[in-house]
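Trainee: build the 3D model from these lines:
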Amino acid sequence: MLPSLSAPAVTSAPGAPAVTGVLGGVPGGPLPVPEAVPAAPRSAALADTAERATRTAGWLEANWESWLATGLRIVLIVVIAFVVQALVRRAVSRVIVRMSRRERAAGPTRGLLVNPERRRQRSAAIGSVLRSVATLLILGTAALMVLDQLGIELGPLMASAGIVGVAIGFGARNLVTDVLTGMFMLLEDQYGVGDRIDAGEVVGEVLEIGLRVTTLRSDDGEIWYVRNGEIKRVGNLSQGWSTASVEVEVRASEDTARVVELVTRAGADLSDSPPWDELLWEPLDVLGLEAVSMDSQVIKATVKVPAGKGPAVTRELRLRIKKLLDAEGIPQVDPAGITLDKLRGDTGPGVPQGAARAPAGT
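Mentor: Predicted coordinates:
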């Protein structure tokens, strides 16, 4: 037989009414009633929370004025920094525009120094550099002032920045040299886009000027990238005016006055012929005898022409002088030709030099 199951009797707390019911599915004695939570711990928790809230409110009440003042100062610093930055950038742009207008309004000689592309690129580069420097200084100063308002010690920060700056300076000294040299080249207007310059390592036309590299195209069509820091000296062949010079070498027996007259006539004909008349700024100046020897005499003539037009004018002038000399029957000579004529005169005209030295009877 199965044993009978019965629920044990459960008594309630003293003073509490007895509850009867089913326990475990088995009808039986009274159900247990949970004990009530004591009021003392609850009151302590509430008191602790109220005390914390009071301390927080007091702390906020004691510090909100300083926080508000600090926040307002930070906002004021940022607003002033951006306003000053905008004003400085606008002032720089106005100065650059004024410089460009002044260059365009300059005299005719100055106008030949700067073409529109060169003026535009130079103004843009100078304006960009000045605006960047101004922005860096203004925003950097504002950032340091904000950090100071936040209570951050600037001494260690500045020391660390100084160490990093020294390390970068040693590591990138060539880059710094290139950039500084490029800045001074732009500010001093040493050369610009379209100019023909002699940079020492290469001679060519300037295609682009950067703060670090100058791009040149040589006479052979090669493109050279020359670091600005490597340019120790530069010769600008395109600024202002240049000189076209011609040297005419004839025999010493020729009439010097006649040769000078022919050279002068060639220069006058060139100055009256378009488009060469626009390239000759002055009449041809025959300087006279540049050199004289027992066998030859050299007559030199020069003329002032626009920058970069010297070679073309020299070639045309040399051609016209040759035509006049040929028409007058005056041959031009050179040292090599004179030496060859002497050798031919020693051996006899038309007779090979070896044959003249051959012993008689052979």
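Trainee: check contacts around Ala81.
Mentor: 138-139, 141-142 (C-beta atoms under 8 Å, 6 or more residues apart in numbering). Bear in mind the C-beta positions are built from the backbone N, C-alpha and C, glycine included.
Trainee: among the residues you listed, name the buried ones.
Mentor: When burial is judged by neighbour count using 16 or more other C-beta atoms under 10 Å, the buried members of the contacts of Ala81 are 138, 142.
Trainee: which two from the contacts of Ala81 end up farthest apart in space?
Mentor: Taking C-beta to C-beta as the measure, those reach their widest spread between Leu139 and Thr141, a distance of 7.4 Å.
Trainee: check the offset of stretch 224-244 from the chain's centre.
Mentor: Centre-to-centre, stretch 224-244 and its host chain are 17 Å apart (C-alpha atoms, centre = their mean, to the nearest Å).
Trainee: just say helix, strand or coil for Glu247.
Mentor: The three-state label given to Glu247 by DSSP: H, G, I helix; E, B strand; the rest coil is strand.
Trainee: could you report the neighbour count for it?
Mentor: Around Glu247 there are 13 other residues, counting by other C-beta atoms under 10 Å.
Trainee: ok, it touching Val298?
Mentor: Yes - proximity of Glu247 to Val298 meets the contact threshold set by C-beta atoms under 8 Å, at 5.3 Å.
Trainee: intersection of neighbour lists for these two?
Mentor: Contact criterion C-beta under 8 Å, 6+ apart; residues shared by Glu247 and Val298: Glu290.
Trainee: surely Gln190 is within a strand?
Mentor: No - according to three-state DSSP, Gln190 belongs to no strand; its state is coil.
Trainee: so how far is Asp277 from it?
Mentor: For Gln190, the distance to Asp277 under the criterion C-beta to C-beta, to the nearest Å works out to 32 Å.
Trainee: again, but for Asp219
Mentor: 27 Å.
Trainee: what does Ala53 give?
Mentor: Remark: distance between Ala53 and Asp277 (C-beta to C-beta) = 99 Å.
Trainee: picking that back up, so Gln190 and Asp277 - more neighbours on which side?
Mentor: Here Gln190 and Asp277 are set side by side on neighbour count (other C-beta under 10 Å), and the busier one is Gln190, at 16 against 10.
Trainee: show me what contacts the more buried one?
Mentor: Applying C-beta under 8 Å, 6+ apart, one finds that Gln190 lies in contact with 234, 236.
Trainee: so where's the stretch 251-362 of the chain uncertain?
Mentor: In the prediction, the stretch 251-362 of the chain carries residues with pLDDT under 70 at positions 337, 341-342, 345-362.
Trainee: the strands in this structure, which residues?
Mentor: In chain order, the chain shows strands spanning 20-23, 26-30, 196-198, 203-209, 213-218, 223-227, 235-236, 241-251, 285-292, 296-306, with DSSP state E as the criterion.
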